[in-house]
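>>> For reference, the sequence and a predicted model appear below.
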2 protein chains.
Amino acid sequence: MRPKLLLGILISLSFLSLRAADKTGEEPVDLVNPFIGTSNFGTTNPGAVCPNGLMSVVPFNVMGSDLNKYDKDARWWSTPYEYHNVYFTGFSHVNLSGVGCPEVGSLLLMPTTGKLDVDYKNYGSTYDKEVAHPGYYSNHLSKYDIKTEVTATPRTSVARFTFPKGESHVLLNLGEGLTNETGAMVRKVSDTEFEGMKLQGTFCYNPQAVFPIYFVMRISKKPSESGYWKKQRAMTGVEAEWDADNGKYKLYKKYQKELSGDDIGVWMNFDTEANEQVEVQMGVSFVSIANARENLNAEQHGKNFDAIYNAARKQWNDDLSRILVEGGTKTERTIFYTALYHTLIHPNILQDVNGQYPAMESNDIRTIKEGNRYTVFSLWDTYRNVHQLLTLVYPERQRDMIRTMIDMYDEHGWMPKWELFGRETYTMEGDPAIPVITDSWLKGLRGYDINKAYEAFRKSALTKGSDNPLRPDNDEYMQKGYVALHEQYDNSVSHALEYYIADNALSRLAAALGKKADAKLFYDRSLGYRHYYSKEYGVFRPIMPDGSFYKPFDPKQGENFEPSPGFHEGNSWNYSFYVPHDVKGLAKLMGGQKSFVDKLQSVFDKGYYDPANEPDIAYPYLFSYFKGDEWRTQVQTRRLLKEYFKNAPEGIPGNDDTGTMSAWAVFNMIGFYPDCPGEPYYTLTSPVFDKVTIRLDKAQWGRDKLVIETSRAQPDDVIISKMELGGKPWNQYRISNEELLKGGVLKFYLKK
Amino acid sequence: MRPKLLLGILISLSFLSLRAADKTGEEPVDLVNPFIGTSNFGTTNPGAVCPNGLMSVVPFNVMGSDLNKYDKDARWWSTPYEYHNVYFTGFSHVNLSGVGCPEVGSLLLMPTTGKLDVDYKNYGSTYDKEVAHPGYYSNHLSKYDIKTEVTATPRTSVARFTFPKGESHVLLNLGEGLTNETGAMVRKVSDTEFEGMKLQGTFCYNPQAVFPIYFVMRISKKPSESGYWKKQRAMTGVEAEWDADNGKYKLYKKYQKELSGDDIGVWMNFDTEANEQVEVQMGVSFVSIANARENLNAEQHGKNFDAIYNAARKQWNDDLSRILVEGGTKTERTIFYTALYHTLIHPNILQDVNGQYPAMESNDIRTIKEGNRYTVFSLWDTYRNVHQLLTLVYPERQRDMIRTMIDMYDEHGWMPKWELFGRETYTMEGDPAIPVITDSWLKGLRGYDINKAYEAFRKSALTKGSDNPLRPDNDEYMQKGYVALHEQYDNSVSHALEYYIADNALSRLAAALGKKADAKLFYDRSLGYRHYYSKEYGVFRPIMPDGSFYKPFDPKQGENFEPSPGFHEGNSWNYSFYVPHDVKGLAKLMGGQKSFVDKLQSVFDKGYYDPANEPDIAYPYLFSYFKGDEWRTQVQTRRLLKEYFKNAPEGIPGNDDTGTMSAWAVFNMIGFYPDCPGEPYYTLTSPVFDKVTIRLDKAQWGRDKLVIETSRAQPDDVIISKMELGGKPWNQYRISNEELLKGGVLKFYLKK
């Protein structure tokens, strides 16, 4: 870890929130290291953002120079920031954290000095003195001797640039960004205000998933001069000779009405005094320029940079303080609170301060009646653990997310799969809304129209494939109970495994709603995974349309994100234990407990386990279904935590997947994990901390806190020797949400 | 001339206007051949336009195929249409007529059939059955079997496409156009309405002269599907592989909010029946989208295609009927009315129906109080004759143009030079607003603030060069009385010659306003041309900064638009007689009448005269300053008319220059020409027609018509033997505007 991490900034803050239980006076917010996950393809970033805020302001360092190791235009690249890159070309506004496809990350704001240059290949700068805290990022631009600082409100941001004496500039680049979509419009409103729009989208190369972002930018100092630029289309022949700007960035010095184009921007010139500070505010909206302005007015009125940062910091500390941990090392607490921080970045609020938001897959603008409208649902990831964490600790947010999902069904006719700013990107597979909402419902979270949700679930479960964007292979699935391999890399087994999990959850929900026939239907369907089991190989194997197994078959084909027939982003080993709703049934197929456990153990021993992606992340808990083998869960989760989660830029094993990897760490570090999405249970494992206090919503859960205490002789004791719940002995390794909350205090005793 | 010219269309029309005096029942409007000047670099076009209308709809055939001889991207090219080109890619909306630089000509509207293709290199079509009349154009697209028709109101247009049965499309291409400026925005308002903006400009490669055009497009039939397209930025490496649309035109099928970009468009699909007609209306504004809509609503409400065309035709016939000609051949009448038609295309009204217009060189929007705000002032051209024609025959328009020019001074601080949609392009040289307004004032046209105009004129005449966009070399001019050659091709002599003419006019105006000292100052300055006279060569010769003449000197250098030291678009021969305000003084310099006349005659005899550009177009009249040599004027003007003005696409000798070449023809054909801009005189020459009746504004001129009658024994009699004015003998070859109008009837007697 480089010394630049976690350098403090000297701002005196007073918090109304409860202090962290740690007796040192350490605040959770101070323990967050936003640089964790910013390398090793974690794709998190150290930018300024509020909890679940729409706005994030991120140092953009992935283009413009061969000095960078990773360039957005030279390879698959999905994050605006990489820790080991060095060439900064501005702050991008509104970004994704922990995703695997290029998207958003535009409205690039850059301060420079000297002769005006609007080409990012020239105006970028190396930097030092990086500082990042929740809601705050700062660096120093070596080339210009400019100190930059950024902070955010939920829908707006402010940058503070400290300039040297001389000719200075602020540039807004609307041509570049992480998104591969192009096209923007900008209009000068006054000497100190610009407004506009930029098109974004094509997430995971989906050409139709595009959407506009609207913005209003205000600057605290009146520029001595300002204008636009636009990269000129290259002409040929004599025309190229006559046009002095041919193929170059042309500066528009007089024109001040709308400018549109693929590669445009705004330049502002200033004469600055030494250490003069200039602040640039940015308000955004996915509805309109007017709303972007209203957001900016509402959230920044009367507040300066420090006040805005203080508010962001307070929001983070309040949120992070819902889980207070004691014990462990400072490094472990840093890993924990940073993971918790990462789980609270997405989904984001989408509606403007006036309640308006773009309806799902529609050109309509709607107004939310209560709560928040959320966006950025990476559900194939987050259905596994993020929503379970939110349900328990942030139930008011989970409720609004469920309402949002049901509203999306109202608007679009389908539940979301991978929703992004009102667009369904159809990234990954399955029907993940079903376990997300079922899990909350079965745990007792209320406040939404479960019957409408059920209607939506039934629709995707029963609609024929050609009319079914969520389950496009539903015809075969409904008819045969599985999906056959029709194209070499059509991920057929992965599709079906997701349907089984969704159908199991739907069966549970149907039962809870008194729909017995449905419950049976979907339960029966959920067991179709058995078709894929190959006795010959002892794993799941793709089935051909004629019913025969796919051959030649290699269960290892698909390692390291190589393509694999039947499996998406993994191989047969990464998927063959992914039947969390019928672990005992699967074990029976595999020859019983010993055979199952040995095979599962071999996955870890032989290095088949992939900690960098979702399909197998619940594997460690499966041991706990079998008496006598529970210790394996505890050993593996503690080992995986230690090996893959670090207080370092490489501290997340792969894409954080909008908090999914981080939620895995959060749950494991406090001692339980929701290993079967859609079922209201956790598997217990050995906690990292001595004491964990989860502050609960009493109205929701009937008590105001859940405490997990751990007693161990040595720090490396990881095996659970005994447990107590509510002061009474507890000897099961799976526990329902209700039991856990009823108990109130869970105590672990660990041994070597 | 090909048979496609002047094919009639069978529309029954009734006119309220006076019938042409011709006894055949022939209407002036029917005599116009809009194809005249559409080849030979005349750069007129056969599109539909109203008199001085902002909107014109022109068949765009200058891009997309090697079938075309002239391609806008392969050479200097300044017109949306060329008669001999064959590949049509749509109708461009708002165009310039007769200019020499690429500009506007965008919003390309194209109907197609079959599989949707949005690449103009593919979707263009050859065509036949071209028909053009004032306010109407039609062709038949060979590739698609579509009949196209277009017509216009002052600020809007409508296209009528007659489709075959099957899959049809209407495309709006916002990426291409004659302008080299790019960037557009479009937004779907409803299934049948789109609105947007396109940037235009860079006239004559002036990078800062850019301006937006706003539009609203409506279509009469609801498309079965519609969307946008945008040319995608070319990516490289793996990204190029992942993006299926990389470097191509991507179709946006779901996104319907604003789309911005360099190369975008709108596509609409239809199922059409055989011969089904679809109408597409387009409203434009240089102020806002809202105004474009208001213009469309106001000018097309309740009117169909035929009603709009009938109204346009009536406007044209009313305007053209202000000069009724009798006699001559039908070809001569066609040439005459087409020339008159061409003089009434520019300047155009600029303000919207609500009176708003973009202020000159400003981002302000202003509202006109009365009359029209005009735009497109190609003053280096039109100060020679167009405004003199307007003053006499269309004084209400000239008055508004003068008001416009004075308002521009109010808004921008300077009189216009080459104004284009609110931008000063600074094309060509001189201070041409001075003779334009002085001419009108001295003739008695009133209704504007002459004192403010005088203030503006004095400012450009006396402000130092560095602060003077109209006369950038004014320091040297004021100090030495001439402009020296500082750079090889800085056009120094041409600059000074224009200043002399402007200063002579300003002197006349000063005298008329009682400003005697100014009158003397400017008159003295106007004689500075003598510095350039080289006794050695007998012509004007550039002067070096040290006062010596430029050498080596070749008076012929600069023929055919080749560059020439000291002279702009010409050589010394084309400029050496251009001292219209001191012809006698020039003659004296050159050695007296005989020497002068012989030299001038040699210009014609040796082919030094260039009929294709402005500097020497008044040469033929200079003979008439000398007693006994007036016949030379008459012979030359009739010869030049016959040789260079034809009823054919090649029928204008060069760029029509927003009607200047055509105005030359109009004046000559009716028998007089304003050869000294800024002086209220005409030189008389032999008319083509037997009788010309100019219908006058009685309130302005004191009588309701001016009649020119001509008596000749043989059609080719061209020498004036005697003249009568108001029934009395008249024996001068120069006549003041006042004398002419007082006389009321001018009768020529011609001989061989």
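Perfect, I can see it now.

>>> contacts and neighbour counts: CA atoms only from here.
Noted.

>>> residue of the stretch 51-200 of chain A with the smallest distance to chain B?
A:G183 (4.3 Å; Cα to the nearest Cα).

>>> who's in contact with that residue?
The contact partners of A:G183, taken as Cα atoms under 8 Å, 6 or more residues apart in numbering or on different chains, are A:L174, A:G175, A:K198, A:L199, A:S260, A:G261, A:D262, A:D263, B:L259, B:S260, B:G261, B:D262.

>>> Quick check: the gap between the residue of the stretch 401-550 of chain A found nearest chain B and A:G201.
Using Cα to the nearest Cα, the closest approach of the stretch 401-550 of chain A to chain B is made by A:R423 at 9.6 Å. Using Cα to Cα, to the nearest Å, A:R423 is found at 9 Å from A:G201.

>>> okay, and the common contacts of those two?
Taking Cα under 8 Å, 6+ apart as the criterion, A:R423 and A:G201 both touch A:A209, A:V210, A:F211.

>>> residues in contact with the last one?
If you count contacts by Cα under 8 Å, 6+ apart, A:F211 has them with A:L199, A:Q200, A:G201, A:F286, A:F421, A:G422, A:R423, B:Y255.

>>> Dump the residues you listed into TSV; add secondary structure, pLDDT and neighbour count as well.
Output for the contacts of A:F211, formatted as TSV (DSSP: H, G, I helix; E, B strand; the rest coil; pLDDT from 0 to 100; neighbours: other Cα atoms under 10 Å in any protein chain shown):
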residue	secondary structure	pLDDT	neighbour count
A:L199	strand	98	26
A:Q200	strand	97	24
A:G201	strand	96	25
A:F286	coil	98	23
A:F421	coil	97	27
A:G422	coil	96	24
A:R423	strand	96	26
B:Y255	coil	95	21
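
>>> Nearest to B:F596 among these?
Nearest to B:F596 among these is A:L199, at 68.3 Å by Cα to Cα.

>>> which residue packs closest to that closest one, ignoring adjacent ones?
In this structure, A:L199 finds its nearest non-sequential neighbour in A:P212, 4.4 Å apart by Cα to Cα, 6 or more residues apart in numbering or on different chains.

>>> Check the offset of the helix or strand harbouring the one you found from the chain's centre.
Counting by DSSP states H and E, the element that carries A:P212 is strand A:210-219. Averaging C-alpha positions (Cα atoms, centre = their mean, to the nearest Å) puts strand A:210-219 22 Å from its chain's average.

>>> What pairs with it, parallel or antiparallel?
As defined by DSSP bridges, the strand partners of strand A:210-219 come to strand A:193-201 (antiparallel), strand A:276-285 (antiparallel).

>>> Now the most centrally placed residue in chain A: which helix or strand?
Residue closest to the mean C-alpha point of chain A, counted by Cα atoms, centre = their mean, is A:T658 at 1.1 Å. Under DSSP H and E, no helix or strand contains A:T658.

>>> picking up where we left off before, over to the residue of the stretch 51-200 of chain A closest to chain B: give its phi and psi.
phi 110, psi 120 (degrees, to the nearest 10).

>>> Which pLDDT value goes with it?
You'll see A:G183 listed with a pLDDT of 97.

>>> Pairing partners for the strand or helix carrying A:V150, with directions?
According to DSSP H and E, A:V150 maps onto strand A:146-152. Its sheet considered, strand A:146-152 pairs with strand A:136-141 (antiparallel), strand A:156-163 (antiparallel) by DSSP bridges.

>>> Show me what it is in contact with.
Under Cα under 8 Å, 6+ apart, the answer for strand A:146-152 is A:47-50, A:55-57, A:111-112, A:135-141, A:157-164, A:305, A:308-309, A:312.

>>> The residue of the stretch 401-550 of chain A closest to chain B and A:P358, how far apart?
9 Å.

>>> Helix, strand or coil: sort out the closest residue to A:T391 other than its chain neighbours for me.
In space, and not counting its chain neighbours, A:T391 is closest to A:Q398: 5.5 Å by Cα to Cα, 6+ apart. Three-state call for A:Q398 (DSSP: H, G, I helix; E, B strand; the rest coil): helix.
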